[in-house]
Structure formats: structure tokens, C-alpha cells
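J.: Mind folding the following:
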Amino acid sequence: MTKRGVRKGPDTDERYGEEALAVVEDSGGRGRPGEARSARPAEQRHDPERHDRDLEEALALVRDLGPSDGRRSEPRTPGTGSGHGPGTPRHPGARDMGRDGPAEAAPSSPAPSGHRPGHHATPWPEARAAAARAARSVPCREPVDVPLDAALGLVLAGPLTALTDLPSFNTSAMDGWAVAGPGPWDVREEGVLAGHTEPAPLEDGEAVRIATGARIPPDTTAVLRSEHGHMDDKGRLYAALPPALGSARTGSTPTVAHGQDIRPRGQECHAGDQLLPPGALVTPAVLGLAAAAGYDTLSVRPRPRVEVLVLGDELLTEGPPRDGLIRDALGPMLPPWLRALGADVVALRRLGDDAEALHRAVTSSTADLVVTTGGTAGGPVDHVHPILCRIGAELLVDGVKVRPGHPMLLARTRDDQHLVGLPGNPLAAVSGLLTLAEPLLRGLTGRVAPEPCTLPLRGSSHGHPYDTRLVPVAVRADHAVPLHYNGPAMLRGIAAADALAVVPPGGAQSGQELELLDLPWVWAQ
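T.: Here you go, the predicted model:
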């Protein structure tokens with residue numbers, strides 16, 4: 001899907017690409033982006049992935065060089081230049097004068113698609129931190145109590161404390177015999193089964209059949225496993241322990257160790273112990289632990305409510321692409337992805353390229369988070385920025401130095417509502433989800449941030465000259481393997497991926513440790 005968030009179409013691509021490559025070549029070439037296009041091997045010239053990357057690099061270098069005479073412009077300092085005016089949403093603490101002097105003058109030539117005059121994209125780590133801070137600014141919703149069977153995937157609102165000792169009584173860890181004192185033992189006729197009341201005490205030299213999980217009779221020395229004992233024809237029980245078990249005494253039958261195969265009361269926890277902290281994700285194992293500890297319900301944080309607005313007149317909802325129209329890939333993909341991130345998707349609405357419909361949808365939404373697709377650049381049908389300005393929204397992140405997905409944005413539309421604007425290209429939208437929506441939703445749900453995970457790269461990974469790149473990878477043993485088909489409009493790579501690797505500006509070499517972003521279904525299952 002080629003959508004407004006990154007490019008406007010092949011004609012625009014070629015025009016900006018040729019201009020960019022021409023400027024780079026005229027500048028004398030500064031590294032790989034300046035290689036003459038005609039000098040590339042034919043197989044590279046016809047590689048669409050490499051073509052997209054070359055265009056990105058060339059455009060980035062052109063913007064860094066400044067005017068088309070090839071001269072390098074002075075570096076821009078984030079925060080200098082207002083970038084404001086009609087149709088521009090307000091920024092926190094914005095002023096007309098930068099920290100070091102007057103606002104930077106707008107360039108005289110048109111900016112490429114997705115690049116607005118006076119606009120400064122946020123570095124990728126800072127964008128994620130801003131999204132996490134935005135969540136902390138929202139008042140916490142009251143916890144709710146839900147039955148265990150409705151708690152899966154939610155987040156604990158408070159600590160999970162033990163309501164009783166676990167186990168709550170001495171139990172047998174094995175099928176066998178409960179024995180008292182040294183053997184051989186006389187065996188009682190009636191055995192002890194799980195779920196029955198406490199049996200009568202044992203006397204020295206006495207044993208009783210016992211099942212796993214049954215209560216241990218008082219005065220029991222140990223449990224002798226079924227495979228470690230045998231009975232003679234008179235009904236007396238003897239131990240036949242392996243040499244490693246029991247205590248061998250010269251001229252006598254080996255005896256079992258005191259407490260062997262008995263689970264004592266409170267072995268796992270005592271009443272009042274904290275089993276899990278607040279913010280823990282309720283997994284199937286957590287449900288089992290809560291049930292074992294005596295819980296019927298859990299106090300959890302309610303899921304943030306999310307509304308998804310799919311923009312674009314060119315989108316089909318069924319059948320193959322035809323007549324210049326393309327299938328909507330984001331409508332089917334985003335709701336389950338957001339649910340895996342802990343959200344309750346309350347609506348999915350397809351609005352086309354209708355500014356008034358978008359305005360009504362945003363202003364009437366009662367969701368905690370509104371997610372839009374496409375329309376985040378500066379083209380004639382890119383309505384997200386003008387609508388945010390019209391409603392007085394506060395832009396917290398306006399563009400991120402990441403590829404794909406750099407035109408993404410995060411805005412505060414109300415004190416208790418945010419909007420995440422995703423680019424329209426599918427992999428670029430995934431990048432926006434994991435860059436802005438994931439930390440925001442994690443904060444709104446109270447989920448504890450995961451520890452960063454890194455793996456060495458197997459093979460090198462192409463990088464952008466100045467921006468972070470998110471690359472789909474497969475995890476193979478103890479390495480991350482970059483996958484092909486990772487262009488902004490491609491989903492083939494991410495569909496086969498286990499994670500996204502965070503590739504720093506300039507790329508990564510084989511063996512280099514890279515941070516991995518888990519895909520949500522990896523830990524949500």
C-alpha cells in the first residue's frame with residue numbers, strides 16, 4: 001500500500017529522487033548516498049527495496065546540504081524556529097525566538113513530501129520517552145475487579161498477596177507410603193487420598209498408602225515412593241532405596257531421610273507474602289497462581305479505549321486491488337495489534353479523505369486514544385495536522401527520526417485523550433505503533449516496562465545516514481537475522497518476523513549487539 005504518510009506516488013518519488021540524486025552528485029559525493037545512479041549495477045537499479053533506501057538517503061542528504069547549489073546548511077538545533085502559523089498545531093513552550101537567536105527562515109523551495117518547513121523531527125529514543133511521559137500525565141482510572149476467567153491480558157492494579165500458606169497443609173509430593181520411624185513397617189489397610197480430612201497419626205514402625213497431594217498423617221517421618229518400596233508376603237513394607245537416597249547402615253535396612261517427599265506447609269509462600277507486584281501482566285500462569293492462592297477475582301487496570309480512524313479514498317475493503325485502488329491492510333491489522341498491546345478497540349471507522357468527517361470523528365470520540373492512519377504529511381489531502389490545529393491540540397511529537405515511519409505524530413487532544421497519527425504505509429504504521437502507541441498504552445495500563453533485550457546481528461543491516469531504522473528480524477538461536485522485504489509499504493518481512501531490530505544511523509555490522517522490540521503477540525499469547 002502506497003499511502004500519504006510517506007510518498008505521494010511514483011511521479012513524486014521519481015521527481016524528488018532525481019533532484020536529490022542530482023544535488024548529491026553535484027556536491028561531489030559524500031559517502032554512499034552520492035554514488036551516481038547510473039554507476040549502480042543493473043540488478044541494484046531494479047531492486048525496489050534498495051531504490052527506496054537510496055531515495056531516502058539522497059533526500060536526507062539534500063535536506064542536510066540545504067539549497068540546490070550543494071552548499072551545506074548550518075546544523076539545525078532542536079527547538080530553534082517556531083514552525084508555527086496557520087494550520088500548525090501548538091507545541092508546549094513554543095516561542096518565536098529559538099534558544100540561540102531568531103527563528104530559522106523557511107526554505108524558498110518546496111519541501112519533499114513528509115517534510116514541512118521549520119519542522120524538526122524528534123530522535124527515536126526521545127519520542128518513545130515522550131509517549132511514556134504523556135501516559136503519566138493522564139489521571140489513572142479506578143481499578144476494577146474481574147473474575148479470573150476475564151482477567152487474562154490485563155494488568156494487576158495492586159500487588160498479588162497470598163491469602164493463605166501454600167501449601168496450606170503438609171502434603172505428599174509422591175504416590176507411595178507415609179512411614180513413621182525406621183522400617184520395616186506394618187501397613188494399615190486403609191489408604192490416604194487427596195481431598196480427605198486429616199488422617200489418624202502414625203506410630204513408629206507403621207505405614208499407610210498415600211496419594212500425591214493427600215494430607216500427611218501426624219508424626220509421619222517421610223514418604224516412601226512406590227518405586228522405592230516392596231512388601232513381603234506378610235504385608236510388611238521394606239525400603240529398597242537407590243544408593244544415593246536414604247542412609248545405609250551396616251547390617252540393617254536403609255532408612256528414608258526425614259521429610260523426604262513431603263511438601264511442608266508454607267513451602268511456596270506464607271499468608272501475606274507478595275506474589276507479584278502491581279503492573280504485572282496477567283498470563284495463564286498468573287491465573288493459576290491466583291487461583292492456588294485463593295482468589296476468585298483480581299483487581300486490574302481497565303483497558304484503555306482506542307478508536308481507529310482509517311483515512312484514504314483509495315482503499316478497498318474486499319477483493320484484489322483494481323482500477324488504481326488498493327486493499328486496506330491497516331484496518332484488519334491494527335485492532336488486533338492494539339488489543340495485544342493492552343487496548344480495548346471500541347471502534348474502527350473508515351473516513352476516506354474527508355477533513356470534516358475527520359474533525360467530527362476526533363472531536364466526538366470518547367476514547368482514551370485515537371489512532372489515525374495516513375494523512376500525517378503535508379499534502380493536499382493530509383488533514384491530520386490542520387485538524388489538530390483547528391481543535392487546539394498540543395503536539396507532543398511531530399515527526400520522528402526513524403525509518404520507516406518518520407511522519408508519525410503524538411498529540412494531546414484533551415487532558416484525558418491523546419491521538420497517535422500513523423503513516424499510511426503498512427510497515428511505517430507498524431513503526432509508529434511500536435514507537436509511540438506501545439509506550440503510551442503501556443503507561444495507560446500501568447504495565448511494567450520490559451528490560452531491554454539485545455542480540456548480536458547475523459549479517460550486516462543497511463542503515464539511514466541520520467535516522468534510526470527499524471528492521472524486521474527473525475531470532476535464530478542467539479542471533480537476529482535481518483529479513484528482506486522491509487520497505488515502508490511492505491508487510492512480507494514483518495509477517496515472518498519475531499522482532500524489530502533497532503539499527504542506529506549508519507547501519508550495523510555482523511556481530512553488533514542491537515536492541516530488539518518484541519512483537520506484541522510474542523508475549524501476549
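
J.: For the rest of this, base every contact and every neighbour count on C-alpha atoms.
T.: OK.

J.: Thought residue 304 was touching residue 342, still the case?
T.: Yes. Residue 342 lies in contact with residue 304 (C-alpha atoms under 8 Å); the separation is 7.4 Å.

J.: Now for those two: what residues contact both?
T.: Common neighbours of residue 342 and residue 304 (criterion: C-alpha atoms under 8 Å, 6 or more residues apart in numbering): 441, 445.

J.: quick one, which of these two is more surrounded?
T.: residue 342 (25 against 22; other C-alpha atoms under 10 Å).

J.: Going by residue numbers, what spans are strands in the stretch 101-250 of the chain?
T.: Here the stretch 101-250 of the chain has its strands, by DSSP state E, counting those that start in this stretch, at 122-123, 144-147, 155-156, 160-161, 171-172, 176-179, 185-187, 206-210, 222-225, 229-231, 236-239.

J.: quick one: low-confidence parts of this protein?
T.: 1-119, 243-255, 522-525 (pLDDT under 70).

J.: Run through the helices of it in chain order.
T.: For the chain, helices defined by DSSP state H occupy the ranges 10-26, 42-45, 48-65, 124-136, 284-292, 330-340, 355-364, 384-390, 426-432, 438-445, 492-495, 520-524.

J.: Would you confirm that residue 350 contacts residue 307?
T.: No. Using C-alpha under 8 Å, residue 350 makes no contact with residue 307, being 11.0 Å away.

J.: And those two? Which one has more around it.
T.: A direct count of neighbours by other C-alpha under 10 Å for residue 350 and residue 307 places residue 307 higher, at 24 against 19.

J.: Could you check how far the more buried one is from residue 418?
T.: Distance, residue 307 to residue 418, by C-alpha to C-alpha, to the nearest Å: 11 Å.

J.: Give me the common contacts of those two.
T.: The contact lists of residue 307 and residue 418 share 369-370, where a contact means C-alpha under 8 Å, 6+ apart.

J.: If you count neighbours, what's buried in stretch 261-273?
T.: 261-264, 269-270 (16 or more other C-alpha atoms under 10 Å).

J.: Same check on stretch 349-356?
T.: Neighbour-count burial for stretch 349-356 flags 350-353, 355 (criterion: 16+ other C-alpha under 10 Å).

J.: Also stretch 125-140?
T.: Within stretch 125-140, the residues that count as buried by 16+ other C-alpha under 10 Å are 127-128, 130-132, 134-135, 138.

J.: Format the residues you listed as TSV; extra columns: distance to residue 193.
T.: Conversion of the buried residues of stretch 125-140 to TSV gives the following (distance: C-alpha to C-alpha, whole Å):
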residue	distance to residue 193
127	60
128	56
130	58
131	56
132	53
134	56
135	53
138	54
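
J.: how about the residues you listed, which pair is most distant?
T.: Maximum pairwise distance among the buried residues of stretch 125-140 (C-alpha to C-alpha): 17.6 Å, between 127 and 138.

J.: residues contacting residue 509?
T.: Counting by C-alpha under 8 Å, 6+ apart, residue 509 touches 457, 459-461.

J.: May I ask which of the residues you listed has the most neighbours?
T.: Taking other C-alpha under 10 Å as the neighbour criterion, residue 457 ranks highest of the contacts of residue 509 with 24 neighbours.

J.: pretty sure that one is in contact with residue 511, am I right?
T.: Yes. Contact criterion C-alpha under 8 Å: residue 457 and residue 511 qualify, at 4.9 Å.

J.: what residues are up against the spatially closest residue to residue 259 that is not a sequence neighbour?
T.: Distances taken as C-alpha to C-alpha, 6 or more residues apart in numbering place residue 222 nearest to residue 259, at 4.7 Å, with adjacent residues excluded. For residue 222, the contact set (C-alpha under 8 Å, 6+ apart) comprises 178-180, 256-262.

J.: Swap in 10 Å and give it another go.
T.: Residue 222 makes contact with 172, 177-181, 207, 216, 255-262, according to C-alpha atoms under 10 Å, 6 or more residues apart in numbering.

J.: of those, buried ones?
T.: Among the contacts of residue 222, the ones that count as buried by 16+ other C-alpha under 10 Å are 172, 177-181, 207, 216, 255-256, 260-262.

J.: Can you add distance to residue 501 and give those residues back as CSV?
T.: Shown next, in CSV, are the buried ones among the contacts of residue 222 (distance: C-alpha to C-alpha, whole Å):
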residue, distance to residue 501
172, 48
177, 55
178, 56
179, 58
180, 60
181, 62
207, 61
216, 53
255, 58
256, 55
260, 49
261, 47
262, 48
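
J.: In the protein, which residue sits furthest out from the middle?
T.: If you look at how far each residue of the chain sits from its centre, by C-alpha atoms, centre = their mean, the farthest one is residue 234, at 65.4 Å.

J.: Next one: it from residue 185, what distance?
T.: With distances taken as C-alpha to C-alpha, residue 234 is found 11 Å from residue 185.

J.: for residue 299, same thing?
T.: Distance, residue 299 to residue 185, by C-alpha to C-alpha: 51 Å.

J.: Please apply the same query to residue 192.
T.: For residue 192, the distance to residue 185 (C-alpha to C-alpha) stands at 16 Å.

J.: go on, residue 231?
T.: Distance, residue 231 to residue 185, by C-alpha to C-alpha: 9 Å.

J.: With neighbour numbers in mind, choose between the two.
T.: The residue with more neighbours, out of residue 231 and residue 185, is residue 185; 22 against 14, by other C-alpha under 10 Å.

J.: Any idea what the more buried one is bridged to?
T.: Beta-bridge pairing of residue 185 under DSSP bridges involves residue 237.

J.: For it, which residues are in contact?
T.: By C-alpha under 10 Å, 6+ apart, the contact list for residue 185 reads 177, 179, 203-208, 231, 235-239.
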